[in-house]
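Asker: what's the 3D shape of this:
(chains A and B)
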Amino acid sequence: MSQTVTTWRRSALFHALVLAAAVSAAAADQTLTITSFDCAFGCVGYNADPALSGVNPQTHYCTFVDPLPGFTTAKRLRIVREGGKALFYTWAGTPTVSVEFNGAAVGTPQTIGGVALCGGLFPIEFDTGLQTNGLDSYIYGGTNTIAWTVANGDLNLGTMSVEITYDDTPRTLTLQALAPDIPTGSGLVNDCLEYRSKLLLTAVRDPIKFPGISIALAPTRPQFDTFDQPPATDSTGSTTGWMFTRDQGTGGVTATSKGFRPALGSVTFAEANFESGFLVTAYATALESDFSGPSVTNPCGLTGTFNEAFLTSNRGVLMEGSGQDSAGDVISIDYAQTPNPSKKKVCFKIDSCSHTASNTCATAGRTVAIDPDVMEYTTIMRINGVSGNRTAEDTGGAITGYHIDNYVGAGKAAIKAWNNLKGAVVRYIDGGGQCTN
Amino acid sequence: MHKLSILAIAFAFHALAAEPCRQVSVKNENELWVHDGTASRLLIRDAQGVNLPRWSPDHAELLYAHDFNFNGDPVSSLVIVDADGRVRRQIAVNYDDGVNAFTNLGWVSRDVVWAEGHATPSSGVYHEWNVRTGQQLTEKWGSAFVWSPNGKLLAQRGHIPHGAPNDFRVEALINGQPVRLQDGASSKISALAWSPDSSTLAVALKHDHSSSIELVDAGTRKSVRAFAIPVAAAKSLQWQDADTIAVDTIADSWLISASTGKAERAPVHAVSAPCSSLSR
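Answerer: Numbers count the residues shown, from 1 in each chain, chains lettered A, B, ... in the order given. Here you go, the predicted model:
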């Protein structure tokens, strides 16, 4: 009898599968029996006999392509093969036989003591047992390999059948895209904000969890959106990926994994919270009526009498940049006359309003100063703890990073109504920093 | 291995190792904790808030600031507590001191503390107080105030009235005197930092589309070196040793060699909160 050790995995020539489906007795579980495999069949002798073949043990491989309906889950294999101890040769050792399924041992090795010639073989059975979470080693949509290893004797092996118990509910991936935020440190690129969305992925069909599953994410807007691909699923069948973009609008994402029904999702990138909290302070313009003390008449650039502290104190025009005098006029520094103003030498002028860095008029209830490396001018935002939206219109060298200065108006009363905020949640609403294509 | 790479690795360990002073931390915005090795203890719980704690040079006392409350006057206070958490002095900060928030605190000497306060988006107000008498000693205008480690030189960004035109030329000052930079007109001072031996002031400048660092000799107040750095906007600087300057941006951190100007991306956020004993 020839000794054939076949390794016809993935052979394209012998894929003749005969499927015999049988309805399982267990609720939600089905069975399917395979009787044809990609290997040598009939009564074949395997002589793990040092005296005869010199090869001990010997392994024989049979393969089959996954026959299960799409996305279902294999839970048990009952592998039955006819066999028996051979007595054709001088060395009559008692063989043991073991089975591996895709490299994983099935059951325990069996010692075959019964002599059986071809025509009188008896069934030898190996059983994975029912694995509630599915067989870890099963290859869905691909070729599965059953390896029979004979050791220390001569064994005849005949035909084989494999009964697969499977859960017939399709395996699917789930994808949940969380509301995007604006990640800390992302800044602006080409004046565009960056968005980030956390993607929660599962390969779970209760109670079956699928650990170690690799899931690939692909965008529907590949020119705008990128991903941090998720690691393999953990023991709960879960994993996390990330989606990034600097383009507003709706970005779609597809999650795929071999043997699983794909999941689709989408994220709308428009309003979003900044991930980082902000320090929010306040600034005001000077109000002459707040000040007392000495006056100065006809200061440089002005006609009339003005409170000196209103003009040059640490709450006055020289610090705040502008102020409102008792007559209601806006006074600001005249840089044409005094390009380097100081207490020693500063000239003033009547102005139309208190100007911001973006050349708007500072307006209480609207204007805030920001760091242009964090967000653009014209950004409309909502600051948790501050009533009403604010617009980024102003800036200054003392505003760095995640710090917003809220313009509260003129004078002491305006400041008195304010409370600084630490770690405030700021939500981007509209305006600057948005990029659409 | 490139010298700067070795420095980067050494820096990473330095960042993880304990600073050469006792660590303090603030929890729940009103608890001041002291950490000695593996032991931690609550020093004081202050309902008015604990901000910017700083050790005195001899580690005998801690300085911190209350939250601002504009409903009354004073609007805030500076508090000095001893190592047992007893309040030794409380210094009132009034509305007329011109600040709306504190951005930095420190000790000029064992008896004098300083505070930089935020006034406008462009500038702030710096004060010093004698902690024994509570007397306010000085007021300066500007921002980015930083004392040299030897306690003799105060660097700052000069005062900018808010709303100044974009071409307003702001100066860096040492003890109130302007420094002479090599840079032309179109730049802004974004950060300052003293070398460990107090001999050199590093000045980070933001240009239209790039950044640079100039090294200023403390004695002559003149720039002796200038080099470009590969960041769009430096937010803070800190000398890690005699030759390495850490630069933080919004997004990342870099280590710059002061002697060669070579830059290397830092493995962790490079600029750390000051140990109070270094801010004298």
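
Asker: only C-alpha atoms from now on, for both contacts and neighbour counts.
Answerer: Fine.

Asker: now the one helix or strand A:Leu311 maps to: mean pLDDT?
Answerer: Using DSSP states H and E, the element containing A:Leu311 is helix A:308-312. Here helix A:308-312 scores 97 as its mean pLDDT.

Asker: so, low pLDDT: which residues of chain A?
Answerer: Scanning chain A for pLDDT under 70 picks out A:1-27, A:40-42, A:50-53, A:87-92, A:437.

Asker: spell out which parts of it neighbour chain B.
Answerer: Residues of chain A lying close to chain B (CA under 8 Å from any CA of the partner chain) are A:184-187, A:281-284, A:314-315, A:318-322, A:335, A:339-340, A:354-357, A:369, A:373-374, A:395-401, A:405, A:415-420.

Asker: could I have the buried ones of those residues as PyMOL selection syntax?
Answerer: In PyMOL, this line selects whichever of those come out buried by 16 or more other CA atoms under 10 Å in any protein chain shown:
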select buried, chain A and resi 184+185+186+187+281+282+283+284+314+315+318+319+320+321+322+335+339+340+354+355+356+357+369+373+374+395+396+397+398+399+400+401+405+415+416+418+419+420
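
Asker: pairing partners for the spatially most central residue of chain B in the sheet, please.
Answerer: The centre of chain B sits closest to B:Val146, judged by CA atoms, centre = their mean, with a distance of 5.1 Å. Counting by DSSP bridges, B:Val146 is bridged to B:Ala155.

Asker: now the helix holding A:Leu311, how far from the centre of its chain.
Answerer: From the chain centre to the centre of helix A:308-312 is a distance of 57 Å (CA atoms, centre = their mean, to the nearest Å).

Asker: ok, stretch A:274-294 next?
Answerer: 42 Å.

Asker: before we move on, the earlier item: so of the residues of chain A next to chain B, which ones are in helices?
Answerer: Here DSSP state H is the test, and these give A:Leu318, A:Met319, A:Glu320, A:Ile415, A:Lys416 as lying in helices.

Asker: not counting its neighbours along the chain, what's nearest the first one?
Answerer: Closest residue to A:Leu318 in three dimensions, ignoring its sequence neighbours and counting by CA to CA, 6 or more residues apart in numbering or on different chains: A:Thr312, at 5.0 Å.

Asker: so what's the residue count around that neighbour?
Answerer: Residues near A:Thr312, counting by other CA atoms under 10 Å in any protein chain shown, number 17.

Asker: before we move on, back to that, would you confirm that the residue nearest to the centre of chain B contacts B:Lys152?
Answerer: No: in this structure, B:Val146 is not within contact of B:Lys152 by CA atoms under 8 Å, at 10.8 Å.

Asker: following the longest strand along chain A, which helix or strand shows up next?
Answerer: Ranked by residue count and defined by DSSP state E, the top strand of chain A is strand A:153-167. Moving toward the C-terminus from strand A:153-167, the next helix or strand (DSSP H and E) is strand A:174-177.

Asker: give the contact list for A:Asp234.
Answerer: Counting by CA atoms under 8 Å, 6 or more residues apart in numbering or on different chains, A:Asp234 makes contact with A:Phe210, A:Pro211, A:Gly212.

Asker: now the nearest residue to the first one once chain neighbours are set aside: how far from chain B?
Answerer: Spatially, and ignoring its direct neighbours in sequence, A:Phe210 is nearest to A:Gly237 (4.7 Å; CA to CA, 6+ apart). To chain B, A:Gly237 is 32 Å away according to CA to the nearest CA, to the nearest Å.

Asker: would you map the strands across the stretch 151-280 of chain B?
Answerer: Under the criterion DSSP state E, counting those that start in this stretch, the stretch 151-280 of chain B contains strands at B:154-157, B:172-174, B:177-178, B:188-194, B:200-206, B:211-217, B:223-229, B:236-239, B:244-248, B:253-257, B:263-265.
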